[in-house]
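Student: sequence-free structure coming up:
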């Protein structure tokens, strides 16, 4: 994996006790757009957590199954479930080959989880992954201090801005929130 996962953008914004995860819908194979409306953010743990993924779809789906199992093993503790997943991902020979990243969170935190064993909680409650991640992250940081804009609106607008810059990000945006 080259460190930069292409073909998607996922952003998480935690503001005022609400977490919004948003993704674009584009799926690419090489330089060809294969799908416009894929769903890359979903509810987990019976509505107590949200996750989103970037990278190889099959790899991401394999990881999300394991994430669901970890969330069931550690109900109400997204941080612990994420750390356990990252540890397994790093130490399991088959999992190490998976090329994906996850954003995981609940109403108290948003975390970036990678196959390098990293579980990163940003200081400002905003995290992004995928090829358009840096653009969406910058846009969200510029908007987060506005008191008239909630987490979902910030995540949506940040992805709209990223879609205007990143060729691997489209404007078919899907947003999932936890109050």
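Tutor: Thanks, I have it. As the structure is a prediction and not an experimental result, all values here were calculated from the model. Residues are numbered from 1 along each chain as shown.
Student: Report the separation between the closest residue in space to residue 26 that isn't next to it in sequence and residue 25.
Tutor: Excluding the flanking residues, the one nearest residue 26 by Cβ to Cβ, 6 or more residues apart in numbering is residue 170, at 4.0 Å. In this view, the C-beta of every residue, glycine as well, is placed from N, C-alpha and C. Counting by Cβ to Cβ, to the nearest Å, the gap from residue 170 to residue 25 is 6 Å.
Student: again, but for residue 50
Tutor: 17 Å.
Student: neighbour-wise, which of the two wins?
Tutor: residue 50 (25 against 18; other Cβ atoms under 10 Å).
Student: what are the ranges of the strands in the protein?
Tutor: In the chain, the strands defined using DSSP state E lie at 9-15, 18-23, 27-29, 32-35, 41-44, 49-55, 100-105, 110-114, 119-120, 126-130, 174-178.
Student: next one: the third one to chain centre, how far?
Tutor: Strand 27-29 has its average C-alpha position 17 Å from the chain's average C-alpha position, going by Cα atoms, centre = their mean, to the nearest Å.
Student: quick one: buried residues of stretch 112-121?
Tutor: Residues 112-115, 119 are the ones in stretch 112-121 that count as buried (16 or more other Cβ atoms under 10 Å).
Student: what sits against the nearest residue in space to residue 95 that is not next to it in sequence?
Tutor: Excluding its sequence neighbours, the residue lying closest to residue 95 (Cβ to Cβ, 6+ apart) is residue 89, at 4.7 Å. Residue 89 sits next to 63, 66, 95-96, 98, 113-115, 117 when contact means Cβ atoms under 8 Å, 6 or more residues apart in numbering.
Student: what packs against the helix or strand bottoming out on mean pLDDT in the chain?
Tutor: Lowest on mean pLDDT, DSSP states H and E among the helices and strands of the chain sits helix 93-96, with a mean of 74. Helix 93-96 sits against helix 57-73, helix 78-91, with contacts defined as 3 or more Cβ pairs under 8 Å, 6 or more residues apart in numbering; DSSP states H and E.
Student: Buried residues, stretch 103-113. List them.
Tutor: 103-107, 109-113.
Student: just stretch 134-151 next, same as before
Tutor: Those would be 134-141, 143-144, 150-151, for stretch 134-151 by 16+ other Cβ under 10 Å.
Student: One more: stretch 168-179?
Tutor: Result for stretch 168-179 [16+ other Cβ under 10 Å]: buried residues 168-170, 172-178.
Student: ok, so of these, who is nearest residue 41?
Tutor: Within these, proximity to residue 41 (Cβ to Cβ) peaks at residue 176, which comes in at 4.8 Å.
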